[in-house]
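Colleague: Sequence and predicted structure below; questions after.
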Amino acid sequence: MSSCSRREVLGVLGSALIGGVAGGMAVNLATPGDALSAPSKSGDKQALWVPHKLDAAACAPLAYDGYWDRGLGCCYGTFYSIVGSLGKQYGAPYNQFPFTMMEVGKSGISEWGTICGALLGAASAYALFWGRKERDPMVTELFRWYEQTAFPVYNPGDKAQGVKEAIPPTKSGSVLCHISVSTWCQATGTDASSPKRSERCSRLTADVAIKAIEIMNAKIAGSFAAAGTSKAEEACGSCHGKGKQSPILKGRMDCTPCHSGSAHVQDKFNKHP
């Protein structure tokens, strides 16, 4: 049996890759970080995937059902309602995404209660189409809306998969899963592990998908206007931030849910005012 040189092997593999691309095989030769985006003239990143407008009301049931689908949860639900809907309408490349990977965002990312998974799913969908400079204002608009909205609003009616009863809405003031869920549970006297709480979060998933798509549609139409700074951000930022009295602040969340000074959340270790 004759032996092949390293150069000959690489040549064969290169020909196979080129042939695969020509034949329609999806082969990604890009380096990490460049697979979905490339520099634009403005210096930002411009997504290679093209966004299209969607019917938010038509996508909402897909987000709600996605929450319950195999227990994949809120992050999967919002992401699939957007990118999965594009896949149903336009095919590749949208329908080729490994959607189940978005399950990682369930319950605030692997049960950690950090960012609400529904928000993570929406922000991740934005990231497929827009670079940081374009995307960040969209994420801010969505997150500010989440802080100020009483959830849930969406009602699946007879198609409810958890409980069919009315779910009372509450405003958490925070984008964190831990606070969003805990605030609702405390206000309604509901166990966090109950089917009713799951129903609440599945409906919230649809709410987030609707708003996320409205923002996306406005962005595509050129009518999107970025949200301003919140009162809490302005108040905290007057002392905390770069070049300020206490330059330790990182983030844009409403600070009051965790730093309101109440007995349950006050900083007893450093005696924060």
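Modeller: Received, thanks.
Colleague: going forward, measure contacts and count neighbours with C-alpha atoms only.
Modeller: OK.
Colleague: What distance do you get for residue 71 to residue 103?
Modeller: Going from residue 71 to residue 103 by CA to CA, to the nearest Å gives 8 Å.
Colleague: Please say which of these two ends up with more neighbours.
Modeller: Taking other CA atoms under 10 Å, residue 71 and residue 103 do not tie; residue 103 has more neighbours (22 against 11).
Colleague: What sits closest to the more buried one if chain neighbours are left out?
Modeller: residue 72 (5.0 Å; CA to CA, 6 or more residues apart in numbering).
Colleague: Could you report the distance from that neighbour to residue 214?
Modeller: With CA to CA as the criterion, residue 72 and residue 214 are 24 Å apart.
Colleague: Check residue 96 too.
Modeller: Distance of residue 96 to residue 214, computed by CA to CA: 24 Å.
Colleague: Just the pLDDT for residue 45.
Modeller: We note a pLDDT of 45 for residue 45 in this prediction.
Colleague: so what's residue 194 up against?
Modeller: By CA atoms under 8 Å, 6 or more residues apart in numbering, no residues touch residue 194.
Colleague: Need phi/psi at it.
Modeller: Backbone torsions of residue 194, given as degrees, to the nearest 10, read phi -80, psi 160.
Colleague: ends of stretch 95-106, how far apart?
Modeller: Where stretch 95-106 begins and where it ends lie 21 Å apart, using CA to CA.
Colleague: I should have written stretch 97-108 there, sorry.
Modeller: Note: stretch 97-108 ends 22 Å apart using CA to CA.
Colleague: residues of that stretch that come out buried?
Modeller: 99, 102-108 (16 or more other CA atoms under 10 Å).
Colleague: do stretch 112-131 as well
Modeller: 113-131.
Colleague: Show me where the stretch 51-200 of the chain has its strands.
Modeller: With DSSP state E, counting those that start in this stretch, the ranges of strands along the stretch 51-200 of the chain come out as 150-151, 170-171.
Colleague: so which of those is the most packed in?
Modeller: strand 150-151 (a mean of 20; mean count of other CA atoms under 10 Å).
Colleague: From the contact counts, what lies against that one?
Modeller: Other helices and strands packing on strand 150-151, by 3 or more CA pairs under 8 Å, 6 or more residues apart in numbering; DSSP states H and E, are strand 170-171, helix 195-221.
Colleague: now the ones you listed in CSV, with distance to residue 160 and mean pLDDT?
Modeller: Shown next, in CSV, are the helices and strands packed on strand 150-151 (distance: least, CA to CA, whole Å; pLDDT from 0 to 100):
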stretch, distance to residue 160, mean pLDDT
strand 170-171, 19, 96
helix 195-221, 8, 98
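Colleague: Residue 67: which of the ones you listed is closest?
Modeller: helix 195-221 (5.6 Å; CA to CA).
Colleague: so what's the spatially closest residue to residue 143 that is not a sequence neighbour up against?
Modeller: Closest residue in space to residue 143, ignoring its immediate chain neighbours: residue 175 at 6.5 Å, by CA to CA, 6+ apart. By CA under 8 Å, 6+ apart, the contact set of residue 175 is 115-116, 119, 143, 146-147, 253.
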